[in-house]
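J.: here are the coordinates; sequence isn't available:
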């Protein structure tokens, strides 16, 4: 996990032990779900010590009182954000969320605290620490935090939560939880558009897709991408692979590169990646194939979630952008204005929730006629004239 080197402007040695004792008592309470070690607790202390230290650090970070908040004079609300294991500098999904809350801190004058857990076991203690301190809003990043946030939001019904890419329900499994805003996206719609661009650019008639976890959420990207490609070229072929089936699939760029190179060997000349940090391996893979005599890349990658066009300039055809930044910013603003609503907040092409990125890095790579056709399809999707398959939708 990543934590600040000092807390509230003070080093660890400056913090009095008598102030730590009540926090330690709460920390011990928070790890009550850890099994009882009995007479063997000494042998197992190494396995629980990191969790205790982590919880204490979060409590110190969030209980600085007037010392911390004074630095943000007049801050209106306290917001805590817990990233997934990819961290806020993954140049993708987490990074987009980070940009959103940073903008909220600047524009809305909030007190912002963040936690980057090094492993999944650190996520729940962080959320509970924020909740214990009566934060106004706690944000979880990624569908994998769903089961955790479900429990924490149930235990703290008066605290407001938000989760990106998760759906949180009441005990009946049908009614959206009133104190949780579920921020979800129509990734399949944005993926359709980049699929059109890829098919228009491809010289081989073969495209690649590198996904992170082999789960329905990522299938939304893959399905939309393939449908968009076939909308342009019905005969095009899409090679699809996934990094894995555990959380580690989001943070394995070596495996991502291996899959990407394998797809290129099968003829793919444009690869779309929806794999978090693992997807950066695909960027390395296309760069390995260099550029032609005209100075244009021989192989291209399509970025995801945030604008990744500048990660490998000239090798990134475009990026399928999820405006996670806008979604997170909006929910913070709702809490601040007193009009927070739980349930589903859906962001598609109709709300500019997804898009493809165009900038100086890739403008010369995509002909204007391709952009015109893609924009026409965008309007038709938003109007309901083109239906893109949602791989997560219930089967009829």
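T.: That came in fine, so what should we check first? Nothing here was measured: the structure is a model prediction, and the numbers come from that model. Numbers count the residues shown, from 1 in each chain.
J.: Report the contact partners of residue 194.
T.: 225, 228, 272, 302, 317, 318, 319, 320, 356 (Cβ atoms under 8 Å, 6 or more residues apart in numbering). Bear in mind the C-beta positions are built from the backbone N, C-alpha and C, glycine included.
J.: Quick one, which of the residues you listed are buried?
T.: Neighbour counting with 16 or more other Cβ atoms under 10 Å marks 225, 228, 272, 302, 317, 318, 319, 320, 356 as buried within those.
J.: Tell me the secondary structure of residue 184, please.
T.: Following DSSP: H, G, I helix; E, B strand; the rest coil, the label given to residue 184 is strand.
J.: How about it, nearest residue that isn't a chain neighbour?
T.: Once flanking residues are discounted, residue 184 sits nearest to residue 346: 5.6 Å by Cβ to Cβ, 6 or more residues apart in numbering.
J.: And that neighbour, which helix or strand is it part of?
T.: Element membership for residue 346 (DSSP states H and E) is strand 343-347.
J.: for residue 321, same thing?
T.: For residue 321, the element it lies in under DSSP H and E is strand 316-322.
J.: just to revisit the earlier point, can you tell me how far the residue nearest to residue 184 sits from residue 176?
T.: Applying Cβ to Cβ, to the nearest Å, the value for residue 346 to residue 176 is 12 Å.
J.: Just give me the neighbour total for the residue nearest to residue 286 when sequence neighbours are not counted.
T.: Using Cβ to Cβ, 6+ apart and skipping the chain neighbours, the partner closest in space to residue 286 is residue 299 (4.0 Å). Using other Cβ atoms under 10 Å, residue 299 has 25 other residues around it.
J.: quick one: contacts for residue 299?
T.: Neighbouring residues of residue 299 by Cβ under 8 Å, 6+ apart: 264, 268, 269, 270, 271, 285, 286, 289, 315.
J.: Going along the chain, name the strands of the stretch 251-396 of the chain.
T.: 270-274, 300-305, 316-322, 343-347, 354-356 (DSSP state E, counting those that start in this stretch).
J.: Can you say which of the ones you listed is nearest to residue 381?
T.: strand 354-356 (10.0 Å; Cβ to Cβ).
J.: Just the mean pLDDT for stretch 293-300, thanks.
T.: In this model, stretch 293-300 has a mean pLDDT of 97.
J.: What residues sit buried inside it?
T.: Using 16+ other Cβ under 10 Å as the burial criterion, the residues of stretch 293-300 that qualify are 297, 299, 300.
J.: okay, these in a markdown table with distance to residue 195 next?
T.: Shown next, in a markdown table, are the buried residues of stretch 293-300 (distance: Cβ to Cβ, whole Å):
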| residue | distance to residue 195 |
| --- | --- |
| 297 | 19 |
| 299 | 17 |
| 300 | 13 |
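J.: ok, so of those, who is nearest residue 198?
T.: Distance to residue 198 across these (Cβ to Cβ) is lowest for residue 300, with 7.8 Å.
J.: and the gap between the closest one and residue 103?
T.: 30 Å.
J.: Equivalent analysis for residue 326, please.
T.: 9 Å.
J.: quick one: which of these two has more around it?
T.: Just comparing residue 326 and residue 103: by other Cβ under 10 Å the higher neighbour count belongs to residue 326, 18 against 15.
J.: Contacts only, for the residue positioned nearest the centre of the chain.
T.: With distances taken as Cα atoms, centre = their mean, residue 93 lies nearest the centre of the chain, 3.3 Å away. Residues near residue 93 by Cβ under 8 Å, 6+ apart: 84, 86, 141, 142, 164, 276, 304, 305, 306, 322, 324.
J.: what do you get if the cut-off is 6 Å, keeping everything else the same?
T.: Residue 93 makes contact with residue 305 under the criterion Cβ atoms under 6 Å, 6 or more residues apart in numbering.
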